[in-house]
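Sequence and computational prediction follow.
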Amino acid sequence: MSAHPSTPRAVVLASGSAGNVLLLEAGTTRLLVDAGLSAEAIERSLADAGADLGGVSAILLTHEHDDHARGAGPLSRRFDIPVHANAATIAAGADAFAGAALRTVETGRPFEIGPFVITAFPVSHDAAEPVGLTLEVARHRITVATDLGSIDESLDPTLAETDLVILESNYDLRLLNVSGYPWFLKNRIVGPRGHLSNDDAARALARTAAGRARTVCLVHLSEVNNLAPLARDTALDAIAGAGGAAGRVLAVPPNGRTPPIVLG
Ligand SMILES: [Zn+2]
Ligand SMILES: [Zn+2]
């Protein structure tokens with residue numbers, strides 16, 4: 001990286017139902033938001049991003065589902081990395097987290113790790129106590145909202161003042177309707193505690209587009225029920241239609257990753 005070493009940067013290392021890992025760095029502090037791959041796969045993808053596990057300060061979990069939490073226990077046990085999650089998430093993943101260095105955090109109560117001030121907010125999803133995260137660092141704000149069945153206006157003020165939005169854009173409703181998914185799975189996905197559609201994500205981005213120019217990273221795209229260009233264009237059209245500030249919109253394909261996104 002040619003940017004100043006203390007300039008915060010983000011890399012989506014993995015995205016989708018096969019596993020989700022987001023790397024955030026500022027100065028010497030390195031955070032993983034979710035650890036939904038095997039420990040070995042996370043180690044490999046960190047190496048590809050020029051980082052190593054020894055330097056990981058903490059793992060933050062949004063919820064206990066395997067595609068977000070799979071590697072947390074093994075990494076914590078092996079490298080003594082603290083895992084921050086709320087009590088309900090820790091209880092729901094108790095077996096997988098046995099022997100891990102667990103730190104209980106409260107939804108809505110800010111906490112600090114290095115230069116990051118982190119606040120979890122509730123989201124609607126079929127897990128014990130699923131959350132999104134807002135991370136403030138060096139005058140920048142990053143908001144992470146993935147796995148959520150719906151998104152209402154309560155998050156708008158936060159999204160409008162966010163420099164890097166990492167938002168689920170799971171499925172295109174037309175593709176989901178014609179896909180071979182069984183009906184119960186389709187119902188789960190579109191339900192209020194399932195996943196966010198391209199249209200829902202785009203609407204939230206459009207509602208909050210009058211704020212600062214943002215980088216938007218669309219994540220957790222379905223391999224079957226979505227296409228990265230479709231997710232991206234749906235968001236771009238909605239933002240432009242709302243007269244939004246020019247920014248960047250990246251759609252991360254399933255099993256894909258982003259280049260480093262430098263803030264500031
Ligand atoms: Zn997920
Ligand atoms: Zn989930």
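Here it is on my side, so go on. This structure is a prediction, so every number in the text was calculated from the model and none was measured. Ligands and ions are numbered 1, 2, ... in the order given.

Report the backbone C-alpha coordinates of stretch 30-43 in PDB.
Extracted in PDB, the C-alpha atoms of stretch 30-43 (Å, rounded to 0.1, in the frame of the first residue of the first chain):
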ATOM      1  CA  ARG A  30      -6.200  -5.000  12.600                       C
ATOM      2  CA  LEU A  31      -9.800  -6.200  13.000                       C
ATOM      3  CA  LEU A  32     -11.700  -9.000  11.400                       C
ATOM      4  CA  VAL A  33     -15.400  -8.400  11.200                       C
ATOM      5  CA  ASP A  34     -16.800 -12.000  11.000                       C
ATOM      6  CA  ALA A  35     -14.600 -15.000  10.500                       C
ATOM      7  CA  GLY A  36     -16.800 -17.300   8.400                       C
ATOM      8  CA  LEU A  37     -14.100 -19.400   6.700                       C
ATOM      9  CA  SER A  38     -11.800 -22.000   8.100                       C
ATOM     10  CA  ALA A  39      -8.800 -20.800  10.100                       C
ATOM     11  CA  GLU A  40      -6.500 -22.000   7.300                       C
ATOM     12  CA  ALA A  41      -8.500 -20.200   4.600                       C
ATOM     13  CA  ILE A  42      -8.600 -17.000   6.600                       C
ATOM     14  CA  GLU A  43      -4.800 -17.200   7.100                       C
END
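
ok, the nearest residue to residue 35 once chain neighbours are set aside - contacts?
Of all residues not flanking residue 35 in the chain, residue 71 sits nearest, at 4.0 Å (Cβ to Cβ, 6 or more residues apart in numbering). Every C-beta, even on glycine, is put in place using the N, C-alpha and C of the backbone. By Cβ atoms under 8 Å, 6 or more residues apart in numbering, the contact set of residue 71 is 21, 35, 36, 37, 38, 39, 41, 42.

Select only the buried ones of those residues in ChimeraX?
This is how ChimeraX selects the buried members of the contacts of residue 71, with burial counted by 16 or more other Cβ atoms under 10 Å:
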select :21,35,36,37,39,41,42
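
Mind putting the contacts of residue 71 into TSV with pLDDT and distance to ligand 1?
Below are the contacts of residue 71 laid out as TSV (pLDDT from 0 to 100; distance: Cβ to the ion, whole Å):
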residue	pLDDT	distance to ligand 1
21	98	11
35	98	12
36	98	7
37	98	12
38	97	16
39	96	18
41	97	16
42	97	16
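
Filter the contacts of residue 71 down to just the ones in strands.
21, 35 (DSSP state E).

Check the contacts of residue 71 against residue 120 and report the nearest one.
residue 35 (16.1 Å; Cβ to Cβ).

could you pull out the helices for this structure?
For the chain, the helices defined by DSSP state H occupy 39-48, 66-69, 72-79, 87-92, 94-97, 156-160, 173-178, 183-190, 198-207, 228-241.

Ligand 2: which of these is closest?
Ligand 2 sits nearest to helix 66-69 of all these, at 6.1 Å, using Cβ to the ion.

now for that closest one, which elements pack on it?
Under the contact criterion of 3 or more Cβ pairs under 8 Å, 6 or more residues apart in numbering; DSSP states H and E, helix 66-69 touches strand 29-35.
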